[in-house]
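A.B. asks: Please work out how this folds:
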Amino acid sequence: MEMNLNVWSLVFNAGPMVKFVLLILVIGSIASWAIIFYKARALTRIAKESSQFQDLFWETPNLSNINSSCAEFPNTPLARQFEGVYAEIVNIRKNAEAAAREGQALHTNDISRVKRILDKTCTIEKAKMEYTIGFLATAGNAAPFIGLFGTVWGIMNSFRSIGEMGAANLAVVAPGISEALIATALGLFVAIPASMGFNQLITKVDRIGGEMDNFSSDLINIVDKMINKRPAKKIGDKTGENQ
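C.D. replies: Model (predicted):
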């Protein structure tokens, strides 16, 4: 308890600039932890719903049933991808059936249109997932330097005190240096969890992004098979096409 009281007394007795630095670091720490907890929970929900939606996608033979079930998956970007291209897939299927009846070839630029829609959806959804995570990288990189600035400022005041008193003993410099070093310690306290949180969260985002890219490939494969009139997939076969 005595050590805690000493630390608090050093903080309260610190100069205005050091206190300002400490305030910035405290705010940065609170914001970092809030982002870490919020994004970790959000990405966990996304990963869980993505797995459930993929199971639904491969187990449901009817595209319209899948589309009507998308509202049950508000968090996963895979549902947003499917919703974005569902109307295009329906039109392509109708055009393919009409072209087959008339003996005409179907325009392959339909695939390019689906790719553009999927690319745009992926970009938007990834931006949503990455939102605020960049703050953790900023905090992890900047916090040590902000703390170091407070330390340097405090040490400068200590040396000024030495010059004013004309004495260079431990009793004169120790309080100022102790106050200054608190800023460095707090800077590291902010930077370490922020850096670790950023690495963990961005890894989860990349993993979900990989699932989105794979799902885009599956949807494009479905469109390609429609255009080229290949045999439809059997239910449960993840290499084929939904009916």
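
A.B. asks: where does the chain dip in pLDDT?
C.D. replies: Residue ranges of the chain with pLDDT under 70: 1-14, 95-110, 161-176, 227-243.

A.B. asks: again, only this time at 80
C.D. replies: Applying pLDDT under 80 to the chain flags residues 1-16, 18, 90-111, 154-180, 223-243.

A.B. asks: all strands for it, in order.
C.D. replies: Assigned by DSSP state E, the strands in the chain number zero.

A.B. asks: quick one: the longest helix seen in it to chain centroid distance?
C.D. replies: Among the segments of the chain that qualify as a helix by DSSP state H, the longest is helix 170-228. In terms of CA atoms, centre = their mean, to the nearest Å, the gap separating the centre of helix 170-228 from the centre of its chain is 7 Å.

A.B. asks: Over to stretch 41-51?
C.D. replies: Per CA atoms, centre = their mean, the centroid offset for stretch 41-51 relative to its chain is 12 Å.

A.B. asks: Likewise for stretch 49-62?
C.D. replies: On the basis of CA atoms, centre = their mean, stretch 49-62 sits 24 Å off its chain's mean C-alpha point.

A.B. asks: Now do the buried residues in it.
C.D. replies: Across stretch 49-62, burial judged by 16 or more other CB atoms under 10 Å covers 49, 50, 53, 54, 56, 57, 58, 60. The C-beta positions use only the backbone N, C-alpha and C, and glycine is treated the same way.

A.B. asks: Mark which of those are part of helices, please.
C.D. replies: 49, 50, 53, 54, 56, 57, 58.

A.B. asks: Max pairwise distance over the residues you listed: which two?
C.D. replies: Greatest spatial distance in these: 49 and 58, 15.1 Å, computed using CB to CB.

A.B. asks: residue closest to the middle of the protein?
C.D. replies: What sits nearest the mean C-alpha location of the chain, by CA atoms, centre = their mean, is residue 130, with 3.1 Å.

A.B. asks: Kindly tell me how buried the residue lying closest to that residue once chain neighbours are set aside is, as a neighbour count.
C.D. replies: Nearest non-adjacent residue to residue 130, counting by CB to CB, 6 or more residues apart in numbering: residue 205, 5.8 Å away. By the other CB atoms under 10 Å criterion, the neighbourhood of residue 205 contains 18 residues.
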